[in-house]
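Student: build me a model:
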Amino acid sequence: MTKTRPERRLAAIVAADLVGYSRMMEQDEVGTLNRLKEFERNVVEPVVEDHFGRIVKRMGDGYIVQFQSIVSAVECAMEWQKASDAQITFRIGVNLGDVIVEDDDIYGEGVNLAA
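Tutor: Numbering: from 1, shown residues only. Model prediction:
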């Protein structure tokens, strides 16, 4: 039996999640979802694209985004934070580290540290 090694890559990772999401959903599910989706369309997607990133995962109120450059990841995170307001505020972690690549997903310590 041949054992295959996973593909590894150095990547800059941004992990972001919406502050107070559970409380917001409890108070107004439809309004919260609409505000989050609007923020995603108007801020997250264009800012990630502008910095040559790739959204790897969407997890309800959170995102994992991969970049080839740590500078691009930090600049993206800063713009993302700047666009936040009283209703939509994100916690964002950034890490540069080794990741395991499988299909379109990434795993490993590099992702965990960002999150």
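Student: mind checking the longest helix of this protein?
Tutor: helix 70-83 (DSSP state H).
Student: list the buried ones in that helix?
Tutor: 70, 72, 73, 74, 75, 76, 77, 79, 80 (16 or more other Cβ atoms under 10 Å). For the C-beta atoms, the positions are set from N, CA and C on the backbone; glycine is no exception.
Student: residue 51: how many residues sit nearby?
Tutor: Neighbours of residue 51 under the rule other Cβ atoms under 10 Å: 22.
Student: please renumber the chain so that the first residue is 50 from this point on.
Tutor: All right, first residue 50 from here; so that's residue 100.
Student: which residues does it contact?
Tutor: 116, 121, 122, 124, 125, 128 (Cβ atoms under 8 Å, 6 or more residues apart in numbering).
Student: swap in residue 97?
Tutor: Listed by Cβ under 8 Å, 6+ apart, the contact set of residue 97 reads 103, 104, 114, 125.
Student: Throw these into TSV and include distance to residue 150, thanks.
Tutor: Shown next, in TSV, are these (distance: Cβ to Cβ, whole Å):
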residue	distance to residue 150
103	12
104	15
114	15
125	20
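Student: nearest to residue 66, of these?
Tutor: Using Cβ to Cβ, residue 114 is the member of the contacts of residue 97 that sits closest to residue 66, with 12.0 Å.
Student: that closest one against residue 103, yeah?
Tutor: Yes: using Cβ atoms under 8 Å, residue 114 is in contact with residue 103, at 6.7 Å.
Student: more neighbours: which of the two?
Tutor: More crowded of residue 114 and residue 103, by other Cβ under 10 Å: residue 114, with 27 against 14.
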